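**Student:** kindly return the folded structure for what I paste below:
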Amino acid sequence: MKIGVMDYGAGNIRSVETALRYLGADFVVSGEAEVLKACDKLVIPGDGEARAAMRVLNETGLAAFVRDFFSRGRPILGICIGCQIIMEHSEERDTECLGLIPGDVLRFPAGGGLKVPHMGWNAVAHGGSHPIFRGVQDGVPCFFVHSYYPKPQDASCAIARTDYGLEFASAVARGSLVALQFHPEKSAAPGIKMLENFARRL
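**Tutor:** Alright, predicted model coming up:
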């Protein structure tokens, strides 16, 4: 099973590469749809800003590619900004996104004594809700860096929740797609286990 890691100009791809290499996964990093089409699974990693990310995806044809990959029921893993651009719309610069999961991406409210962005370790309550969490303790701390969070229309699409002044969906899923708002590749052994689950079991 070959995994395609989509390079669309967002940061943090190198740490995902390092984690997949550690797992011995067969993967390729590319920004070309023709290369990624030959892969069995797709990872959408990255840090960054929604509008800039969507501009690249739309201009390169990668947006249409991702929608087609999803429509064929092929496994996709979104990470951080990759968890946001799969939604319909982001409040970040009023951006229309890929629309793979109905819902919006909202900014954390100001005030309340909490800093935005939400940065650092925080508990991810998943209750064993999805195979991505197989072998991962419920409530495990994971590493976050984000100012926005996904809010799916269908609450059942939220497969994990985290509290940061409000309870938000820290992982979402629909069909063959699963997306994590935190960075599994920076979340020590539990995060590596999630990547292993995606690479070998989903």
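**Student:** tell me where the protein has helices.
**Tutor:** Ranges of helices in the chain, per DSSP state H, are 13-22, 33-36, 50-60, 62-71, 81-84, 188-201.
**Student:** out of those, which one sits most buried?
**Tutor:** Of all these, helix 81-84 has the most neighbours on average by mean count of other CB atoms under 10 Å, namely a mean of 28. Placement of C-beta: from N, CA and C, glycine included.
**Student:** wait, which of the helices of the chain is closest to E96?
**Tutor:** helix 50-60 (7.0 Å; CB to CB).
**Student:** tally of neighbours for G11?
**Tutor:** A count of nearby residues for G11, using other CB atoms under 10 Å, gives 12.
**Student:** these two touch, right, it and A52?
**Tutor:** No: G11 is beyond contact range of A52, at 11.1 Å (criterion: CB atoms under 8 Å).
**Student:** quickly list what's touching both of those two.
**Tutor:** In terms of CB atoms under 8 Å, 6 or more residues apart in numbering, G11 and A52 are not both contacted by any residue.
**Student:** could you dump the helices of the chain to TSV with distance to I132 and mean pLDDT?
**Tutor:** Below are the helices of the chain laid out as TSV (distance: least, CB to CB, whole Å; pLDDT from 0 to 100):
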stretch	distance to I132	mean pLDDT
helix 13-22	14	96
helix 33-36	21	98
helix 50-60	22	97
helix 62-71	16	98
helix 81-84	12	98
helix 188-201	5	97
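**Student:** what's the distance between V5 and S176?
**Tutor:** 17 Å (CB to CB, to the nearest Å).
**Student:** between those two, which has more neighbouring residues?
**Tutor:** V5 (22 against 17).
**Student:** from what I can see the more buried one touches V16, true?
**Tutor:** Yes: under the criterion of CB under 8 Å, V5 makes contact with V16 at 6.0 Å.
**Student:** overlap in contacts, these two.
**Tutor:** Joint contacts of V5 and V16 (CB under 8 Å, 6+ apart) are V43, P45.
**Student:** now do stretch 92-101, average pLDDT.
**Tutor:** Average pLDDT, stretch 92-101: 98.
**Student:** and the contacts of it?
**Tutor:** 49-51, 54, 57, 63, 66-67, 70, 76, 84-90, 105, 107, 147-148, 150, 152, 157, 172, 174, 177, 179.
**Student:** for that stretch, buried residues please.
**Tutor:** By 16 or more other CB atoms under 10 Å, the buried positions in stretch 92-101 come out as E92, T95, C97, L98, L100, I101.
**Student:** quick check: closest non-adjacent residue to the third one.
**Tutor:** Residue nearest to C97 in three dimensions, not counting chain neighbours: I85, with 4.7 Å by CB to CB, 6 or more residues apart in numbering.
**Student:** and the gap between the one you found and L98?
**Tutor:** From I85 to L98 the distance is 6 Å (CB to CB).
**Student:** so what sits against both of these two?
**Tutor:** Joint contacts of I85 and L98 (CB under 8 Å, 6+ apart) are M54, L57.
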